[in-house]
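**Q** following is a predicted model, sequence given first.
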Amino acid sequence: MFRRTKIVATLGPATDDPKILDKIIEAGVDVVRINFSHGSSDEHKARVEKIRSRARAHGRQVGVLADLQGPKIRIDCFQKGSVELKEGETFIFDAGLAIGAGNKERVGLGYKELVDDVKRGDTLLLDDGRLVFWVDHVNNQEIFTRVVVGGTLSDRKGINLQGGGLSAAALSEKDKEDIITAAELEADYLAVSFPVCADDINLARKLLRNAGGKGGIVAKIERAEALNCVDEIIEASDAIMIARGDLGVEIGDAALPPIQKDLIRRARTMNRVVITATQMMESMIENQIPTRAEVFDVANAVLDGTDAVMLSGETAMGKFPDKAIAAMDRICKEAEKQKQASESNHRMHTKFKFIDEAIAMASMYTANHLNVKAIVSLTESGATTLWMSRIGSGIPIYAFTSHVDTRRKVTLYRGVMPVSFDTSGIDRKMLIDEIVDELKRRGVAKDGDLVLISRGDLDGIMGGTNTMKIVRIGDICNITG
């Protein structure tokens, strides 16, 4: 069964073995994530080279998403690696404390500007919200707090301010260096961590282009304040990632489900790609099957219309990376059988700005009402297939293109499969025949099936799609219509 929802898997030590890479490709990975929070540039380059090599060997196109670390909003280290904190105790976050000098009473700060960002009454959440501290007062470089929820606090744990408001810039100096690496890797997407406004996305795009990178920009929605201008952030981006870890900590876990549904709807309405991420199948780091709650989580994201679901630690350091992908694959396929996953009222009452956009919308409406077996889009940039993929449908969309950048880009689009296809040496009178032969070769369609083909009158023109043609395979057709 054709799976429309894409699977993003994070590479790491657990996938370094080429045999494991073969297994995750066979299991159905569509895009791999390179996490710049861990590992060296050389390690990332080696992983990208290996996955692309193995993907070619399997006849597959696998996209690459480079994920920036973002600002380090963390505590420093303890003398003994960790401390036990109890409810009601006083604990001090000390920006002036020597590195590694943390103890039961206080700990240093990797993010020293925290003293300027907090005030009495604020709540600090550490280690993904597992420990909670109420700010009593700030004195010079010291933040005096009371432990609200205690537990074990260890080195370098992350800090969140409940409700948001930390002033750290989205792009650190390390991020700017990693953007250059991402360009060298020819990453298909660059994910920006902790953006708070469209300017953060625009800056990342500028730096990537200056470095020679062509990839799309993914805005990770993980700060509470980003929700105040989320439409502007989405508009500035090519895709968004609902990074539910930090976002859930800042806005509260109960607020997260409706926010996720709203972000998926907004992104699709604005013709942007959306990735749902964080802890989707975290139990599979250690176990061979997911929990029932994880099954529901993945399925609900699919039913809501997400383009992709993402695995992090499950594949980067888990014991069963290929089984995690296989589990996600079968859950997505089952969810996609449900009627609500293939129906859409997307833009039914709005006007279109571009001819190729109108062709894309008309193609999907026609295909969904005419028992079409497959949709083929001859595309240069992938824009037509992006618009098509915003429409709920159970019909596979094939992006026929000669551009490798475009084939990699569409690996993240829901319902779109990339196909290497060069029209430059094909007589236009034989074009339809060549397309049909390719579909037959792939087992997509057979004689008697209807297929829908969109294309432009002129080859090599970006945004030039202006024709929709319906073909019944095996019939003699007027191929120039």
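**A** All right, it came through fine. Numbering: from 1, shown residues only.

**Q** which residues of the stretch 351-481 of the chain fall in helices?
**A** 355-369, 383-389, 404-409, 431-441 (DSSP state H, counting those that start in this stretch).

**Q** closest one to residue 44 among the ones you listed?
**A** helix 404-409 (16.5 Å; C-beta to C-beta). Backbone N, C-alpha and C define where each C-beta goes, glycine included.

**Q** touching that closest one from outside, list them.
**A** 61-64, 188-189, 214, 216, 379-382, 399, 401, 418-420 (C-beta atoms under 8 Å, 6 or more residues apart in numbering).

**Q** swap in 7 Å and give it another go.
**A** 61, 63, 188, 214, 216, 379-382, 399, 401, 418, 420 (C-beta atoms under 7 Å, 6 or more residues apart in numbering).

**Q** most packed of the helices of the stretch 351-481 of the chain?
**A** Among the helices of the stretch 351-481 of the chain, helix 383-389 has the highest mean neighbour count (mean count of other C-beta atoms under 10 Å), at a mean of 26.

**Q** average pLDDT across that helix?
**A** Here the mean pLDDT over helix 383-389 is 94, rounded to a whole number.

**Q** distance of the nearest residue to residue 261 once chain neighbours are set aside relative to residue 471?
**A** Spatial nearest neighbour of residue 261, chain neighbours left out: residue 304 (5.4 Å); criterion: C-beta to C-beta, 6 or more residues apart in numbering. For residue 304, the distance to residue 471 equals 34 Å [C-beta to C-beta, to the nearest Å].

**Q** and if you look at residue 99?
**A** 68 Å.

**Q** and the closest residue to residue 86 other than its chain neighbours, how many neighbours?
**A** Distance criterion C-beta to C-beta, 6+ apart; nearest residue to residue 86, sequence neighbours excluded, is residue 150 at 4.6 Å. The local packing of residue 150 (other C-beta atoms under 10 Å) involves 17 other residues.

**Q** which phi and psi does the most centrally placed residue in the chain have?
**A** Nearest to the mean C-alpha position of the chain, by C-alpha atoms, centre = their mean, lies residue 275 at 3.8 Å. Residue 275 adopts backbone torsions of phi -110, psi 130, taken as degrees, to the nearest 10.

**Q** hmm, back to that, more neighbours, residue 99 and residue 471?
**A** residue 471 (22 against 9).

**Q** contact partners for that one?
**A** Contacts of residue 471 by C-beta under 7 Å, 6+ apart are 432, 436, 451, 453, 477.

**Q** ok, of these, which one's closest to residue 93?
**A** Once C-beta to C-beta is applied, the member of the contacts of residue 471 that ends up nearest residue 93 is residue 453, at 61.7 Å.

**Q** outline the domain layout of the chain.
**A** 6-70+170-337, 82-161, 355-472 (automatic domain parsing).

**Q** could you tell me the end-to-end distance of the last one?
**A** The reference is to domain 355-472. 25 Å (C-alpha to C-alpha, to the nearest Å).

**Q** I'd like the numbering to begin with 171 instead of 1 from here.
**A** Renumbered: residue one is now 171, and that last one reads domain 525-642.

**Q** that domain: how far from the chain's middle?
**A** With C-alpha atoms, centre = their mean, to the nearest Å as the basis, domain 525-642 stands 24 Å off its chain's centre.

**Q** again, but for the second one
**A** Relative to the chain's own centre, domain 252-331 is displaced by 32 Å; criterion: C-alpha atoms, centre = their mean.

**Q** and the next helix or strand past the helix or strand residue 315 falls within?
**A** Counting by DSSP states H and E, the element that carries residue 315 is strand 312-319. Sequence-wise, the next helix or strand downstream of strand 312-319 (DSSP H and E) is strand 321-324.

**Q** before we move on, back to that, of the helices of the stretch 521-651 of the chain, which approaches residue 403 most closely?
**A** Using C-beta to C-beta, those put helix 553-559 closest to residue 403, at 18.1 Å.

**Q** got any ranges where this protein has weak pLDDT?
**A** 511-520, 627-633, 645-651 (pLDDT under 70).

**Q** turn the domains of the chain into JSON lines, including distance to residue 246.
**A** Shown next, in JSON lines, are the domains of the chain (distance: least, C-beta to C-beta, whole Å):
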{"stretch": "domain 176-240+340-507", "distance to residue 246": "17"}
{"stretch": "domain 252-331", "distance to residue 246": "3"}
{"stretch": "domain 525-642", "distance to residue 246": "37"}
